[in-house]
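Engineer: here are the coordinates; sequence isn't available:
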């Protein structure tokens, strides 16, 4: 079953269960997916959907942080509950050690050395680890691997 079909089925299940919070989050995801399809005139595959989910999770984390800074815990909790729903559509995440090992292997493979090669390394890392790792963690691993 494709990820898009799974999301659609989950939306129907949430409708039947009258789970308004989950349904709202899934509808927001479906809208983002449809927007990407229309804007870029493409048919989404699972990798593209994982990218969209990753982007939405990052937005929710940033918003929750802002709400907490503004003493709005109720809104921060709502954002965090949306993150939980969205994370169900991501593949199993790599641990920090696995990310470091993958980054080091890519650095060796590309023959990269020094901070000037960060863009080249990040391009390859993003392709290979898309949806499997938090890109903030990946960026830190690349910086560490390329440090003199």
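Structural biologist: Right, received. Where do you want to start? Not measured: the values here are computed from a predicted model.
Engineer: secondary structure class for residue 133?
Structural biologist: Three-state call for residue 133 (DSSP: H, G, I helix; E, B strand; the rest coil): coil.
Engineer: make sure it is actually in contact with residue 99.
Structural biologist: Yes: taking contacts as CB atoms under 8 Å, residue 133 lies within contact range of residue 99: 4.9 Å. Yep, even glycine has a C-beta here, placed from its N, CA and C like the rest.
Engineer: show me what contacts residue 92?
Structural biologist: Applying CB atoms under 8 Å, 6 or more residues apart in numbering, one finds that residue 92 lies in contact with residue 132.
Engineer: now it: which helix or strand?
Structural biologist: Under DSSP states H and E, no helix or strand contains residue 92.
Engineer: wait, what's in contact with the residue most central in space within the chain?
Structural biologist: By CA atoms, centre = their mean, the chain has its centre lying nearest to residue 54, at 1.6 Å. Contact partners of residue 54, counting by CB under 8 Å, 6+ apart, are 90, 130-131, 135.
Engineer: identify each buried residue in the helix or strand where it lies, please.
Structural biologist: For residue 54, the enclosing helix or strand under DSSP H and E is helix 46-69. By neighbour count on 16 or more other CB atoms under 10 Å, the buried set for helix 46-69 is 48-50, 52-54, 56-57, 60, 63-64, 67.
Engineer: distance check, the residue nearest to residue 87 when sequence neighbours are not counted against residue 122.
Structural biologist: Distances taken as CB to CB, 6 or more residues apart in numbering place residue 57 nearest to residue 87, at 6.6 Å, with adjacent residues excluded. In this view, residue 57 and residue 122 are 19 Å apart by CB to CB, to the nearest Å.
Engineer: do residue 103 as well
Structural biologist: As judged by CB to CB, residue 103 and residue 122 stand 10 Å apart.
Engineer: and stretch 51-59, average pLDDT?
Structural biologist: Averaging pLDDT along stretch 51-59 gives 91.
Engineer: on the three-state scheme, the closest residue to residue 141 other than its chain neighbours is what?
Structural biologist: Leaving aside its chain neighbours, residue 141 sits nearest to residue 103 (4.3 Å; criterion: CB to CB, 6+ apart). Secondary structure for residue 103, judged by three-state DSSP, is helix.
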